[in-house]
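>>> give me the fold of what follows.
(one chain, ligands or ions: 1)
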Amino acid sequence: MTEFKNIFLQDSKIAYNQQHRRTLNFNISKYDEAVAKGKLRYTNLELAKQRVSYVKDKVVADLATQLETFEKNARNNGIEVLWARNGTEAVEEIKKVLQSVNAHVLVKSKSMISEEIELNENLEHAGYQPVETDLGEFIVQVAGEKPYHILTPAMHKSKEDVAELFHKKFNTPEHSTPEELTRFVRGVLRKKFTSAEIGVTGSNFLVADVGGVALTENEGNGMMSVSFPKVHIVITGIEKIIPSINDLPLFFPLLSTLGTGQQVTVYNSLFTGPKRSNEANGPDKMVVVLLDNNRTKIAEGKEHFKALKCLRCGACLNACPIYKNVGGYTYNTTYSGPVGSVITPLMKGFKFDHLSFACTICGACTQVCPVKIPLHDLLLLNRKASVDQKHGSLGWNMGMKAYQWAFKKRKNLDIVNGSLKNGLLKLQPDILGNRKKFPRVAQNSFSKQWIINKMS
Ligand code: SF4
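So this is what the prediction gives:
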């Protein structure tokens, strides 16, 4: 209970921070406008969603076969495929690759999986220098922060915040414009791209039939991370698999439309191995690390397997009324928002159960999801599991039992009068947080008043 209370009180502090809310709502409103326009380009958006959902349903139901097909075809392409049961194993595999080529500097394109396994922290600790090359990721890395949003890492910062940050860290002119700041970052990163020994990317899709890794991005930093360094490491979750290259024309546009409102993202690449003997450019070696980290456990869940269909488009975060108020950092997890609240307790255990309760069950997330994940239903199932497994404190569990008993029958609720109910509520004066007061309960319930009035 204390844990629940602390977390919710912390949430309410952030929710009442007007500046934070202004920046967040401004940035999400830009997204909303772009996505509304983007959706109009589809003649039948619902059909596209149904198709993508169908493909992912089949993939998740047959994950092992799809992954074996991918592995076989990737190896035939000259890609080294490694399997990691958890973050520790994944980091160790990556370190071995770094040691094998005596690498020190790595350039990284945006990857939430690398956040999940805390790759930067682990590599820095071991003496390596990982450099984020996505502009948003670069900003949060310079600020010493974590990504705020799964698609838009620096969503919580205004252009003024970034100008101030860069002025402090790099002595760029005060009040620089976004164009000036971008030019500055480009100059910094060009040198890193050409000097790094290793490029690390995530993957948007693992394409089974061609044994390739598909990447979609807007800045070209992903392609540069692959093209210049001698080794390309891909770190990816096993659920990113899709059956065929023929699925990409369906997946790429839907991901970008729901993610950013674009018809299609600027750069879409398919990497099918290291440089061939007849090719002048590209990495000498390509390694794909396939991370499980409890995904197979989620795949076995009767309903929760659906969460593995996620494309990480970020649409459910932007639609969520809770996310819009408390923002990304309150979740204190790699994956925030509705999808984060669904999968984090499954991946990291019941201490993250409270996330499933930070939800109004309005269903906005389910409505926007391009792969039709019933997010609000899964959140309810998480709540049920939490209650069934008695993860709350003794006081919380007993309180819930009493609540259940009282609300089961009107008769039970009417056993005590309004004065006693008000007295009980006084024992928990901040039950709705310290900014809201519970209204006084009437002396008689509605049904009692009805009977009294009828008789008088
Ligand atoms: S759950 Fe759906 S809406 Fe949310 S990030 Fe994943 S694909 Fe996008």
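>>> end-to-end on stretch 370-381?
21 Å (CA to CA, to the nearest Å).
>>> again with stretch 139-150
14 Å.
>>> what comes into contact with it?
112, 115, 120, 131-132, 136-137, 153-157, 162, 165-166, 169, 312, 314, 317, 327-329, 334-337, 339-340 (CB atoms under 8 Å, 6 or more residues apart in numbering). From N, CA and C alone the C-beta is placed, and that goes for glycine too.
>>> among those residues, which ones lie close to the ligand?
312, 314, 339 (CB under 6 Å from any ligand atom).
>>> relative to residue 148, how far out is the second one?
Spelled out, it's residue 314. In this view, residue 314 and residue 148 are 11 Å apart by CB to CB, to the nearest Å.
>>> any weak-confidence spans in the stretch 201-350 of the chain?
Within the stretch 201-350 of the chain, no stretch has pLDDT under 70.
>>> helix, strand, or coil at the closest residue to the ligand within the stretch 1-150 of the chain?
Minimum separation of the stretch 1-150 of the chain from the ligand (CB to the nearest ligand atom) falls at residue 150, amounting to 6.5 Å. Secondary structure assignment for residue 150 (DSSP: H, G, I helix; E, B strand; the rest coil): coil.
>>> could you report the neighbour count for it?
24 (other CB atoms under 10 Å).
>>> oh, and call the first residue 621 from now on, that's how I've got it
Taking 621 as the first residue, the last one we looked at is residue 770.
>>> how distant is the top helix by length along the chain from the center of its chain?
The longest helix of the chain (DSSP state H) is helix 638-659. Mean-position distance between helix 638-659 and its chain equals 18 Å (CA atoms, centre = their mean, to the nearest Å).
>>> is it up against the ligand anywhere?
No. Using CB under 6 Å from any ligand atom, helix 638-659 never reaches the ligand; the gap is at least 11.2 Å.
>>> with adjacent residues omitted, what lies nearest to residue 1044?
In space, and not counting its chain neighbours, residue 1044 is closest to residue 1036: 7.9 Å by CB to CB, 6 or more residues apart in numbering.
>>> so the one you found sits in a helix?
No. Checked against three-state DSSP, residue 1036 lies outside a helix; its state is coil.
>>> next, it: phi, psi?
phi -100, psi 150 (degrees, to the nearest 10).
>>> and the gap between it and residue 902?
75 Å.
>>> of the two, which one has the most company?
residue 902 (16 against 13).
>>> hmm, back to that, for the ones next to the ligand among the contacts of stretch 759-770, pick the one with the most neighbours.
residue 959 (25 neighbours).
>>> can you give the domain ranges for the chain?
Listed by automatic domain parsing, the domain ranges of the chain are 621-660+934-1026, 668-916, 1029-1075.
>>> taking the mean pLDDT, what do you get for the shortest one?
Over the span of domain 1029-1075, the pLDDT mean works out to 85.
>>> list the contacts for the residue nearest to residue 848 when sequence neighbours are not counted?
In this structure, residue 848 finds its nearest non-sequential neighbour in residue 813, 4.7 Å apart by CB to CB, 6+ apart. Going by CB under 8 Å, 6+ apart, residue 813 touches 727, 753, 844, 845, 848, 849.
>>> can you tell me the element residue 960 falls in?
Per DSSP states H and E: residue 960 is located in helix 957-968.
>>> that helix packs against which elements?
Under the contact criterion of 3 or more CB pairs under 8 Å, 6 or more residues apart in numbering; DSSP states H and E, helix 957-968 touches helix 915-920, helix 935-939, helix 974-977, helix 984-988, helix 995-1008.
>>> contact residues of the protein facing the ligand?
930-936, 959, 988-991, 993, 995.
>>> what sits against the nearest residue to residue 681 once chain neighbours are set aside?
Spatial nearest neighbour of residue 681, excluding adjacent residues (CB to CB, 6+ apart): residue 925 at 7.4 Å. Residue 925 is in contact with 680, 681, 918, 919, counting by CB under 8 Å, 6+ apart.
>>> on that earlier part again, for the residue nearest to residue 848, give its distance to residue 719.
22 Å.
>>> look up phi and psi at the residue nearest in space to the middle of the chain.
Central residue of the chain (CA atoms, centre = their mean): residue 955, 3.2 Å from the mean position. With angles defined as degrees, to the nearest 10, residue 955 sits at phi -100, psi 120.
>>> just checking, it touches residue 732?
Yes. With contact defined as CB atoms under 8 Å, residue 955 counts as touching residue 732 (6.9 Å).
>>> buried stuff in the helix or strand hosting residue 708?
Following DSSP H and E, the helix or strand that holds residue 708 is helix 707-720. Under the neighbour-count criterion of 16 or more other CB atoms under 10 Å, helix 707-720 has 707, 709, 710, 711, 713, 714, 715, 717, 718 buried.
>>> where exactly do the helices run in the stretch 771-920 of the chain?
779-790, 798-815, 841-847, 868-880, 915-920 (DSSP state H, counting those that start in this stretch).
>>> any chance of these in a markdown table, plus distance to residue 1070?
Converted to a markdown table, these look like this (distance: least, CB to CB, whole Å):
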| stretch | distance to residue 1070 |
| --- | --- |
| helix 779-790 | 57 |
| helix 798-815 | 63 |
| helix 841-847 | 66 |
| helix 868-880 | 49 |
| helix 915-920 | 49 |
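>>> having no further points to raise, I will conclude here.
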